[in-house]
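**Q** Below are the sequence and a predicted model; questions follow.
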Amino acid sequence: MRWALVKVSLAVTVMVVVAFAVPLGLVVKEMARDRAFSNAERRASGLAPVLAITTDRDELDRAVATTEDGAAGRLAVHVPAGEPGATALEIGTRRAGEEELATTRRLGRASIAEVPGGFALLQPTALSSGEVAVVELFVPEGEVSNGVATAWLVLAGVGIALIVGSVAVADRLGVRMVRPAQRLAGAAHDLGEGRLGARVPEEGPPELKSAAVAFNSMADQVVQLLANERELAADLSHRLRTPLTVLRLNAASLGSGPAAEQTRAAVEQLEREVDIIIRTARDAKPQTQATGPGSGCDAAEVVRERMEFWSALAEDEDRRVRVAGVERPVRIPVARPELVAALDALLGNVFRHTPEGTAFSIDLHNGDDAVIVLVSDAGPGIADPAAALARGNSGGRDGSTGLGLDIVRRMAEATGGDVRIGHSVLGGTEVRVWIGLDGRRPGGTAGRRDRRPPRRRRGATGTRRAADA
């Protein structure tokens, strides 16, 4: 494209220069010719008064000799014979032919005859006798073309300057157009090679700038889609931890024997493979908030369902369980699978990171602008709550990928809420999940104010599904 613009500009400029410079040069040449012959005609007319007075040879010789052209040998006077038997006079050197002289006398106006070395101006002058004398003035070729060569050189210089300037401007414009296109092509190649950080500066002509903006937006979308796929793989893998925990606990109760050992080894191998999948997946943020009319789920129903699942394990490990606030429907703007994954992550952490026999509870509080889910246990607690909420931070614990609390946090933040870790009334850890009902995103008023769970309704009953310790 760059060289195409240069060639087009060169061709157009050359045509313009030729179209204007050549006619202008011809005009200059014609003007120089007219100026030379006008001066010659004026000088030749200087002898008219002398010829009107006398045709004496001596007088005419002196008159011709006193002029600059006569002294240079460029002036001649041709006087015809006035009477029969008289002799015609010729003073000076004649260069024009007899035919040109006769034509000038007959026409009675000045004429120009081409002679060797230049031109001869023939100026007719009437005599007192009624005859017509002709004054011949030689005009050299150099005087006719005086200044023409210089004018042509100036025009050529101006034309060359215009051509060079237009080519330079076209080259700069071509660079300005081609360079963004080259950067766009390079970034597209890098993106195709897997370098997802490739971006294009949004500059250049408006069309290429729009293309750069579209490319950057496309690259961001590609990165987001890939990240969402990886996180989906991580989250789906993490959800497998719940049934794996059940299998591990059931395998522990099989006793001894080759079949029991093989089962336990297979469960451990499966847990390790799931952990590898989770750690391999990259960080991203998929959409977790439910949209559309009637979307979301009944949090109370989901809590009851998940506790039916986890209560069997709690009984096997002699854990006391209390559930409160699930007597009435509680609608939240979260898709059911997302809430199930978040509850399983919280309860799975209780079973994995607290000793057997540790009590825990789930409280569901329904407020005007938010729903709060409290998961408390009587375990040893979390030493660094902020680090526990960081994605991928397992704290060095065996069997932990550091994704469980991050799944809960992302689910809450998608509704404008958050997750906080504190000290529970049971003596261990309390995880408080704030789920917004007004759709405000994190960072708004709902995300900054001090949130306190509403006072529990009087008469709320708990459900205890475990053997007494």
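**A** Everything's here; your move.

**Q** low pLDDT regions in the stretch 51-200 of the chain?
**A** Scanning the stretch 51-200 of the chain for pLDDT under 70 picks out 82-86.

**Q** Apologies, that question was intended for the stretch 301-450 of the chain.
**A** Ranges of the stretch 301-450 of the chain meeting pLDDT under 70: 390-403, 439-450.

**Q** Try it again at 50.
**A** 392-401, 440-450 (pLDDT under 50).

**Q** Okay, strands next: where are they in it?
**A** Secondary structure of the stretch 301-450 of the chain by DSSP state E, counting those that start in this stretch: the strands cover 321-324, 331-332, 360-366, 370-377, 418-423, 429-436.

**Q** Now the element after the top helix by length along the chain, going C-ward?
**A** In the chain, assigned by DSSP state H, the helix with the most residues is helix 148-192. Downstream of helix 148-192, the next assigned helix or strand under DSSP states H and E is helix 206-239.

**Q** Strands along the stretch 1-150 of the chain, start to end?
**A** According to DSSP E, counting those that start in this stretch, the strands that the stretch 1-150 of the chain contains are 75-79, 89-91, 111-115, 118-126, 132-140.

**Q** can I assume I112 is in contact with F37?
**A** Yes: the criterion here is C-beta atoms under 8 Å, and I112 meets it with F37 at 6.4 Å. C-beta coordinates here come from the backbone N, C-alpha and C atoms, glycine included.

**Q** what sits in contact with each of those two?
**A** Overlap between the contact sets of I112 and F37, as judged by C-beta atoms under 8 Å, 6 or more residues apart in numbering, is given by 119, 121.

**Q** related to what we said a few turns ago, from the contact counts, what lies against the longest helix of the chain?
**A** helix 2-44, helix 206-239 (3 or more C-beta pairs under 8 Å, 6 or more residues apart in numbering; DSSP states H and E).

**Q** which stretch among the strands of the stretch 1-150 of the chain comes nearest T54?
**A** With C-beta to C-beta as the criterion, T54 lies closest to strand 75-79 of these, at 10.3 Å.

**Q** Could you give the separation of the closest one from the chain centroid?
**A** On the basis of C-alpha atoms, centre = their mean, to the nearest Å, strand 75-79 is displaced by 83 Å from the centre of the chain it belongs to.

**Q** How about stretch 56-69?
**A** For stretch 56-69, the distance to the chain centre is 86 Å (C-alpha atoms, centre = their mean).

**Q** can you check stretch 189-198 too?
**A** Distance, centroid of stretch 189-198 to centroid of chain: 16 Å (C-alpha atoms, centre = their mean).

**Q** can you check stretch 19-30 too?
**A** With C-alpha atoms, centre = their mean, you get 48 Å for stretch 19-30.

**Q** Just the mean pLDDT for that stretch, thanks.
**A** Stretch 19-30 comes out with an average pLDDT of 85.

**Q** Show me which parts of that stretch are buried, residue by residue.
**A** 21, 25, 28-29 (16 or more other C-beta atoms under 10 Å).

**Q** cool, stretch 160-169 as well?
**A** Here stretch 160-169 shows 162-163, 166-167 as buried, counting by 16+ other C-beta under 10 Å.

**Q** With stretch 210-228 instead?
**A** 211-212, 215-216, 219, 227.

**Q** Dump the buried residues of stretch 160-169 into a markdown table; add distance to V425 as well.
**A** Shown next, in a markdown table, are the buried residues of stretch 160-169 (distance: C-beta to C-beta, whole Å):
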| residue | distance to V425 |
| --- | --- |
| L162 | 90 |
| I163 | 90 |
| S166 | 85 |
| V167 | 84 |
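
**Q** if we can go back for a sec, adding distance to R432, write the helices and strands packed on helix 148-192 out as JSON lines.
**A** Output for these, formatted as JSON lines (distance: least, C-beta to C-beta, whole Å):
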{"stretch": "helix 2-44", "distance to R432": "63"}
{"stretch": "helix 206-239", "distance to R432": "21"}
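
**Q** on that earlier part again, for the strands of the stretch 301-450 of the chain, give me JSON lines that also has mean neighbour count and distance to R195.
**A** Output for those, formatted as JSON lines (neighbours: other C-beta atoms under 10 Å; distance: least, C-beta to C-beta, whole Å):
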{"stretch": "strand 321-324", "mean neighbour count": "20", "distance to R195": "51"}
{"stretch": "strand 331-332", "mean neighbour count": "20", "distance to R195": "41"}
{"stretch": "strand 360-366", "mean neighbour count": "22", "distance to R195": "46"}
{"stretch": "strand 370-377", "mean neighbour count": "23", "distance to R195": "42"}
{"stretch": "strand 418-423", "mean neighbour count": "17", "distance to R195": "35"}
{"stretch": "strand 429-436", "mean neighbour count": "24", "distance to R195": "38"}
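
**Q** Indicate which one of the ones you listed is closest to G194.
**A** Distance to G194, taken as C-beta to C-beta, is lowest for strand 418-423 among these, at 34.2 Å.

**Q** Point out the other helices and strands that the closest one packs with.
**A** Using 3+ C-beta pairs under 8 Å, 6+ apart: strand 418-423 touches helix 385-389, helix 404-413, strand 429-436.

**Q** Any chance you could list what contacts stretch 426-434?
**A** 342, 346, 354, 358-361, 370, 372-382, 405, 408, 411-412, 417-424, 451, 453.

**Q** any chance you could map the helices in the stretch 251-400 of the chain?
**A** Counting by DSSP state H, counting those that start in this stretch, residue ranges of the helices within the stretch 251-400 of the chain are 258-280, 299-316, 336-353, 385-389.

**Q** I'd like those helices written out as JSON lines, with mean neighbour count added.
**A** Rendered in JSON lines, the data for the helices of the stretch 251-400 of the chain read as follows (neighbours: other C-beta atoms under 10 Å):
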{"stretch": "helix 258-280", "mean neighbour count": "14"}
{"stretch": "helix 299-316", "mean neighbour count": "18"}
{"stretch": "helix 336-353", "mean neighbour count": "22"}
{"stretch": "helix 385-389", "mean neighbour count": "16"}
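
**Q** Using CSV, please lay out the ones you listed together with distance to L101.
**A** As requested, these are exported to CSV (distance: least, C-beta to C-beta, whole Å):
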stretch, distance to L101
helix 258-280, 113
helix 299-316, 126
helix 336-353, 118
helix 385-389, 119
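
**Q** so which of those helices gets nearest L437?
**A** Per C-beta to C-beta, nearest to L437 of these: helix 299-316, 10.8 Å.

**Q** Now find how far off-centre the closest one is within its chain.
**A** That offset, for helix 299-316, works out to 54 Å (C-alpha atoms, centre = their mean).

**Q** Tell me what angle it forms with helix 336-353.
**A** With axes from the mean of the first three to the mean of the last three C-alpha atoms, to 10 degrees defining the directions, helix 299-316 sits at 30 degrees from helix 336-353.

**Q** Give me the mean pLDDT for stretch 244-258.
**A** Stretch 244-258 shows a mean pLDDT of 73.

**Q** Could you do stretch 264-280 as well?
**A** Here the average pLDDT along stretch 264-280 is 69.

**Q** Is L405 in contact with G348, as I believe?
**A** No: the pair L405 / G348 is not scored as a contact, 10.8 Å apart, by C-beta under 8 Å.

**Q** Alright, I will stop here.
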